[in-house]
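Asks: With the sequence up front, the predicted model follows.
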Amino acid sequence: MLARNAESLFWIGRYVERADDTARIMDVAVHQLLEDSTVDPDRTCRRLLRVLGFTEPEGRLDVRTVTEIVAFGRDGAGSILDTIGFARENARGAREVTSTEMWECLNTTYNGLAECERAAKRLGPHEFFRYVEHRAAMFAGLADSTMCRDDGYRFLLLGRSIERVDMTVRQLLSRAGDGPTSPSWATVLRSAGGYDTYLRTYRGALDAGRIVEFMMLDRLFPRSVFFALKQAEECLAQLDHHGDYRFGARDEAQRLLGRARSELEFIGPGVLLDELATRLSSLQDLCRKAGEAIALQYFHAAPWVAWVSARDAGADMAILEGEL
């Protein structure tokens, strides 16, 4: 597979996942701000912007301001509009390795954002967020049902998995400073679409320790950190067509992901809440390093080859010999 196509598929997976998760986080946060009068809007909005990686503006923040920045911003800072546009541009350049249905889904989603934005500013942002969530789910379903399980699909899934780890960590970071009995921990479950699954798993007991355990260690929930790490690790193992090494993984990305996965897999019971913020920041740094290692391994651009005449080559050699 061409490196540019592999890179495009990797970033399509990341961008669509980022738009989906950002919409989920914002949808839950906006509802909380509007329904709970005890929540300080400015403090909550600033923490939300920090967690999502946006620059905090001056002045007091409210729901409308933070929605304009995170959902409708057009300054290239990573708003939902920007992210979907980036995914569409990557799909445009990789038409030969994506299905027609996938391209049409992204293109239709992008073209429908303007009308959804106007409706959101008139009626509220909920419908805009739901539109993004539904379209991201449609794209994921089309990718799973129309792509061959070849290297192209693996790069798409790899990008989605790494971004999912990063965004799940951001969701947990948004609550890392709250007390273990705070009801706001349930917003993490709602942001990840795992509220009902959690209640069935733990028989309805809402507890911060169990919520963190579910979001980080659950082996069956597809948005847990462990599940996404393991999926990314499997994609890298399948992409390495010469992976029968006697001394473990050769590639840096595989080592990073495998180490993080094994640390979570064998962590002691009841210790996740201890230094949670430090642990989450370490996982966030891992996603950055893994992305850089994957880019260096698979997407690097080889230097172009310049053909020179025998006379020019001989002159260059004479100059070198004179210098020596």
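Replies: Arrived safely. Numbers count the residues shown, from 1 in each chain.
Asks: what about R261, how many neighbours?
Replies: 19 (other C-beta atoms under 10 Å). The way it works is simple: take the backbone N, C-alpha and C, and place the C-beta from them, glycine included.
Asks: got the contact list for the host helix or strand of it?
Replies: Applying DSSP states H and E as the criterion places R261 in helix 252-265. With contact meaning C-beta atoms under 8 Å, 6 or more residues apart in numbering, helix 252-265 is reached by 216-217, 225-226, 229-230, 232-233, 236-237, 240, 248-249, 283, 286, 289-290, 293-294, 296-297.
Asks: Secondary structure class of the residue nearest the centre of the chain, three-state.
Replies: The chain has E163 as the residue nearest its centroid, 1.9 Å off, counting by C-alpha atoms, centre = their mean. Put simply, E163 is helix when judged by DSSP: H, G, I helix; E, B strand; the rest coil.
Asks: tell me the pLDDT at it?
Replies: On pLDDT, E163 comes in at 97.
Asks: Kindly report the same for A249.
Replies: 64.
Asks: do the same with S8
Replies: 95.
Asks: Next: the one 4 residues further on.
Replies: In this prediction, I12 carries a pLDDT score of 97.
Asks: Please apply the same query to S99.
Replies: Looking at S99, the pLDDT reads 94.
Asks: Check the spacing between it and L156 real quick.
Replies: 11 Å (C-beta to C-beta, to the nearest Å).
Asks: what's the overlap in contacts for these two?
Replies: 143, 147.
Asks: Same drill for the two, tell me which one is more crowded.
Replies: L156 (28 against 15).
Asks: one step back: in helices, which of the contacts of helix 252-265 fall?
Replies: In helices, defined here by DSSP state H, the members of the contacts of helix 252-265 are 216-217, 225-226, 229-230, 232-233, 236-237, 283, 286, 289-290, 293-294.
Asks: Pretty sure E56 sits against R43.
Replies: No: E56 lies out of contact with R43 (C-beta atoms under 8 Å); the separation is 11.3 Å.
Asks: Just give the closest residue to R160, not the sequence neighbours.
Replies: Counting by C-beta to C-beta, 6 or more residues apart in numbering, the nearest residue to R160 once its immediate chain neighbours are dropped is G13, at 3.8 Å.
Asks: number of nearby residues for that neighbour?
Replies: By other C-beta under 10 Å, 28 other residues sit near G13.
Asks: Now do it against S161, distance only.
Replies: Separation of G13 from S161 (C-beta to C-beta): 8 Å.
Asks: Also H241?
Replies: H241 is 20 Å from S161, by C-beta to C-beta.
Asks: Give me the more crowded residue out of those two.
Replies: Neighbours around H241 and S161, counted as other C-beta under 10 Å, are more numerous at S161. The numbers are 27 against 7.
Asks: Tally up the residues packed near the residue nearest to that one when sequence neighbours are not counted, please.
Replies: Once flanking residues are discounted, S161 sits nearest to A232: 3.9 Å by C-beta to C-beta, 6+ apart. Other residues within reach of A232, judged by other C-beta under 10 Å, total 30.
Asks: Then L52?
Replies: Residue crowding around L52 was assessed by other C-beta under 10 Å; the count is 24.
Asks: in stretch 282-292, what's buried?
Replies: Buried residues in stretch 282-292, defined by neighbour count with 16 or more other C-beta atoms under 10 Å: 283-284, 286-287, 290-291.
Asks: what about the stretch 151-300 of the chain, any weak spots by pLDDT?
Replies: Within the stretch 151-300 of the chain, the segments meeting pLDDT under 70 span 177, 242-249.
Asks: out of the contacts of helix 252-265, which are buried?
Replies: Looks like those have 216-217, 225-226, 229-230, 232-233, 236, 240, 249, 283, 286, 290, 293-294, 297 buried, using 16+ other C-beta under 10 Å.
Asks: got the contact list for M216?
Replies: 168, 172, 224-226, 264, 272.
Asks: Could you do E89 as well?
Replies: Contact analysis of E89 by C-beta under 8 Å, 6+ apart lists nothing.
Asks: One more: the one 5 residues further on?
Replies: By C-beta under 8 Å, 6+ apart, the contact set of A94 is 4-5, 8-9, 12.
Asks: Quick check: nearest residue in space to M102, chain neighbours excluded?
Replies: In space, M102 is closest to L142, 5.2 Å off (C-beta to C-beta, 6+ apart).
Asks: cool, and I69?
Replies: For I69, the spatially nearest residue (C-beta to C-beta, 6+ apart) is F54, at 5.8 Å.
Asks: which SS state does the one you found fall under?
Replies: Per three-state DSSP, F54 ends up coil.
Asks: I figured it was touching A77, is that so?
Replies: Yes: between F54 and A77 a contact is recorded at 6.0 Å, counting by C-beta under 8 Å.
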